[in-house]
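A.B. asks: Pasting a predicted model and its sequence here:
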Amino acid sequence: MAQEHVPVLIVGAGGAGLSLSLLLHQQGITTMLVERRLDVSWVPRARNLNFRTLEVLRGLGLQEEVYAVGDRFMHSYLKETLASPEQKGVPGLNVDALIPSNQQEISLEPFVMYCPQSRLEPLLLAANKQRGCDVRYGVRLVSFKQDEAGVTATLEEVATGRSYVVSADYLVGSDGAHTRPDRFNLSASDVRHPHIRELLGIQSQGYGAIPEYFIFIYFRAPWQPLIAGREADVFVINNSDVQGMFMSGKGDFGAFLINYQPAKGESYEEYTPERCQTLVEKAIGQAGMKVEIIDVVHWQPAEDVAEQFQKGRVFLVGDAAHTMPAFKGLGLNTAVQSAQNLAWKLAAVIHEQAGPELLATYQIERHPVGRFAAHQSLTGPVASVLLQGVAVDLLSKAEDLPLFYSMAGYRYRSQATMVEDASSSEQEIALLDREEFTGLPGSRVPHLWLGLGGQRLSTLDLLDGRFILFAGPAGIPWQQAATEVAGSLGIKLATYCVGADGGLLDLENAWQTKMGVSAEGALLVRPDGFVAWRTDTLPTSPEASLKQVLISILCRKNF
């Protein structure tokens with residue numbers, strides 16, 4: 001059987017897979033992305049993008065597209081029916097109270113933006129097509145095998161049944177959480193083809209399924225006039241006939257979420273399309289409005305983290321790696337950020353710029369973050385509204401930390417960073433407060449306003465998938481060193497001198513405060529925007545020092 005070959009085969013075109021395809025394309029890596037669904041998601045599902053994810057999309061040059069389809073974070077209202085004129089705020093869902101007071105000092109992006117998956121996935125797919133990426137819908141993974149040389153996968157077209165073989169250097173599973181036998185509309189083919197994580201035999205960590213049970217009712221109705229002009233994306237409905245939550249989709253599409261309680265004898269089998277249509281009509285509360293039920297899906301939130309994010313030449317990203325409750329909106333965001341972490345490392349190894357040991361740092365860096373985000377997601381603002389059944393206190397108040405920590409308030413500790421201290425091990429998550437965003441190796445590079453040719457831009461605007469060396473006002477020798485080192489190692493390394501004549505203007509006069517180094521110092525930023533190394537001094541041979549640092553970070557000691 002004839003084979004196609006591709007450096008990276010990605011299975012699953014959700015937010016994680018589509019983002020990974022773009023991130024690898026940015027690094028010059030050809031991919032094939034396959035998805036068993038016939039089209040992008042048209043349901044809202046994940047609804048919000050946090051500032052760290054927005055920074056990733058900015059680095060891909062998609063900020064204008066995201067801002068065009070997204071909105072500033074909206075509010076939630078409690079109503080008797082959607083059509084009733086009275087409404088009030090929902091206790092516990094005051095998102096404004098969650099935004100740090102110094103957010104503008106942390107990022108040029110808003111803390112949270114409303115951009116549901118039904119808007120994000122089409123945007124990401126369009127960007128993939130515009131950039132010539134190979135994305136194939138209606139294609140599923142049948143089987144795969146791997147050895148030291150690569151991965152061989154058998155794929156099948158859903159519509160025709162035609163199968164073909166693809167060989168790849170690496171396989172990435174972004175095909176969602178493991179198959180659950182209790183979902184509505186689970187076809188025989190879904191059962192026959194388990195997800196990559198299951199095929200790898202990787203076990204799970206975490207609480208598992210939470211004893212709370214929900215029904216998503218996806219529908220189509222001319223309901224937009226009832227919500228148009230209101231600064232809200234969620235309407236909580238509470239009347240004598242029905243209690244639930246509306247989430248707006250695209251056009252006439254929408255979703256209604258209800259909670260049911262098996263302890264009281266209720267079961268999701270009772271929610272037939274006919275009953276669901278009645279419930280949605282009563283929740284809308286407008287006589288004569290025709291409601292068409294598209295799908296009815298059971299959902300049980302879970303904290304479920306894979307013990308391994310890598311097994312040989314196969315990696316897990318997104319829900320395939322970590323499933324978490326939606327109470328803090330961290331699932332998709334954590335997935336996109338993991339994709340960014342993996343992309344530059346895969347690219348560096350495929351381009352033979354790094355040793356294969358670099359790939360092991362994906363597990364070391366992202367597993368603690370995924371585990372932490374999943375655990376923090378056991379509660380959150382949305383939980384106070386959704387949990388009406390067996391409301392188990394799974395996360396104590398002492399453990400429940402501000403959202404900032406899960407978004408960006410952590411440090412990596414691996415061979416891919418030159419850590420200055422050893423206050424925690426690689427297996428533990430190292431947290432840092434907002435005030436500690438001062439260029440510490442392993443943390444996201446600080447946001448610093450700079451001037452270039454009369455233009456005001458942030459350090460974050462310069463993140464484009466390359467290594468970047470920022471030097472201080474007296475660090476001009478670092479620029480020449482960076483050019484020579486990049487050539488000798490065969491890597492892409494941009495360099496900027498901040499505050500020096502002919503360099504970038506330090507508009508805030510905050511180089512030393514924000515970057516934590518002297519005027520002679522320098523700061524090396526990885527392609528994913530995290531600080532890899534910094535120094536306060538200008539050595540006799542900046543070239544030798546920088547080269548040794550990059551050799552270490554890229555695991556090139558045996559080259």
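C.D. replies: Arrived safely, thanks for sending.

A.B. asks: hey, let's count contacts and neighbours off CA atoms from now on
C.D. replies: OK.

A.B. asks: any low-confidence regions in the stretch 401-550 of the chain?
C.D. replies: Per-residue confidence for the stretch 401-550 of the chain (pLDDT under 70) gives these ranges: 421-427.

A.B. asks: neighbours of Arg534, just the number please.
C.D. replies: Using other Cα atoms under 10 Å, Arg534 is surrounded by 26 other residues.

A.B. asks: Spatially nearest residue to it, not counting backbone neighbours?
C.D. replies: Leu523 (4.3 Å; Cα to Cα, 6 or more residues apart in numbering).

A.B. asks: pretty sure the one you found is in a strand, no?
C.D. replies: Yes - with DSSP: H, G, I helix; E, B strand; the rest coil as the criterion, Leu523 is located in a strand.

A.B. asks: Now do the same contact list for it.
C.D. replies: Shown in contact with Leu523 (Cα atoms under 8 Å, 6 or more residues apart in numbering): 439, 469-471, 515, 517, 531-535.

A.B. asks: Can you name the next helix or strand after the longest helix along the chain?
C.D. replies: Longest helix of the chain, by residue count under DSSP state H: helix 331-350. Stepping forward along the backbone from helix 331-350, the first helix or strand reached (DSSP states H and E) is helix 360-376.

A.B. asks: how about the strands of the stretch 101-250 of the chain, start to end?
C.D. replies: If DSSP state E, counting those that start in this stretch is used as the criterion, the strands of the stretch 101-250 of the chain fall at 112-114, 134-137, 139-147, 150-157, 163-173, 204-209, 213-220, 232-238, 243-248.

A.B. asks: Format the ones you listed as a markdown table; extra columns: distance to Leu23.
C.D. replies: Listed next are these as a markdown table, based on distance: least, Cα to Cα, whole Å:
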| stretch | distance to Leu23 |
| --- | --- |
| strand 112-114 | 21 |
| strand 134-137 | 13 |
| strand 139-147 | 22 |
| strand 150-157 | 21 |
| strand 163-173 | 13 |
| strand 204-209 | 27 |
| strand 213-220 | 32 |
| strand 232-238 | 30 |
| strand 243-248 | 29 |
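
A.B. asks: looking at those strands, which is closest to Gln363?
C.D. replies: Gln363 sits nearest to strand 163-173 of all the strands of the stretch 101-250 of the chain, at 13.4 Å, using Cα to Cα.

A.B. asks: Extract the CA atoms of the closest one and return them as PDB.
C.D. replies: Taking Å, rounded to 0.1, in the frame of the first residue of the first chain, the C-alpha atoms of strand 163-173 are listed here in PDB:
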ATOM      1  CA  SER A 163      -8.100   3.600   3.900                       C
ATOM      2  CA  TYR A 164      -4.500   4.700   3.400                       C
ATOM      3  CA  VAL A 165      -1.200   4.600   5.200                       C
ATOM      4  CA  VAL A 166       0.700   7.700   6.400                       C
ATOM      5  CA  SER A 167       4.200   7.600   7.900                       C
ATOM      6  CA  ALA A 168       5.400  10.400  10.200                       C
ATOM      7  CA  ASP A 169       8.300  11.200  12.300                       C
ATOM      8  CA  TYR A 170       6.000  12.000  15.200                       C
ATOM      9  CA  LEU A 171       2.300  11.600  16.000                       C
ATOM     10  CA  VAL A 172       0.300  14.000  18.200                       C
ATOM     11  CA  GLY A 173      -3.000  12.900  19.700                       C
END
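
A.B. asks: List the pairing partners of it within its sheet, with orientation.
C.D. replies: Neighbouring strands of strand 163-173 in its sheet, by DSSP bridges, are strand 3-11 (parallel), strand 150-157 (antiparallel), strand 314-316 (parallel).

A.B. asks: Any idea what the residue nearest to Arg534 is bridged to?
C.D. replies: Beta-bridge pairing of Leu523, defined through DSSP bridges, involves Phe470, Arg534.

A.B. asks: Centre-most residue in the protein?
C.D. replies: By Cα atoms, centre = their mean, the chain has its centre lying nearest to Val336, at 2.5 Å.

A.B. asks: what's the neighbour count on the closest residue to Gly331 other than its chain neighbours?
C.D. replies: Once its chain neighbours are removed from consideration, Gly331 has its nearest residue in Met324; the separation is 6.0 Å (Cα to Cα, 6+ apart). Close neighbours of Met324, defined as other Cα under 10 Å, add up to 30.
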